[in-house]
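**Student:** return a 3D structure for these sequence lines:
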Amino acid sequence: MSTPKPPKGHFNILYFATASSHTGKDMEALPAPLPLRKLFDTLEERYQGIRETVLDHSLVTINLSYVDMPSSEDEDGEDNVNVIQEGDEVAIIPPVSSG
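**Tutor:** Got it, this is the predicted structure:
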């Protein structure tokens, strides 16, 4: 199944497993640009409790490449490199278990 292109000025965020359960969505479009370090704060504002229960234990990809999440306090001047841009695809991938 193909992901629809986000509206102009937005990026798509895909939610998997517990992230989807917590948000009640498989995907949504959010306004771009967005500094990567603000992504978790933005999601916490929309979905109270998601940071502790899902995000702090999840992997994140941008355009199918895994990224290291900076803390929201990081102000090291690298925002121009770590910014989610219009048209990007972000995925929240929680840990999965099998048994």
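
**Student:** C-alpha only now, for contacts and for neighbours.
**Tutor:** Will do.

**Student:** give me the nearest residue to Val96, chain neighbours excluded.
**Tutor:** Ala17 (7.8 Å; Cα to Cα, 6 or more residues apart in numbering).

**Student:** so that neighbour sits against Ile93, correct?
**Tutor:** Yes. Between Ala17 and Ile93 there is a contact under Cα atoms under 8 Å: 7.4 Å.

**Student:** compare the two (neighbour count), which wins?
**Tutor:** The neighbour comparison of Ala17 against Ile93 (other Cα atoms under 10 Å) goes to Ile93, with 21 against 14.

**Student:** find me the pLDDT at the more buried one, would you?
**Tutor:** Here, the pLDDT recorded for Ile93 equals 97.

**Student:** quick one: it from Gly49, how far?
**Tutor:** 16 Å (Cα to Cα, to the nearest Å).

**Student:** low-confidence ranges in the chain?
**Tutor:** Scanning the chain with the threshold set as pLDDT under 70 gives 1, 72-81, 98-99.

**Student:** now do the strands in it.
**Tutor:** Using DSSP state E, the strands of the chain run over residues 10-15, 27-31, 34-35, 59-62, 65-67, 83-84, 89-93.
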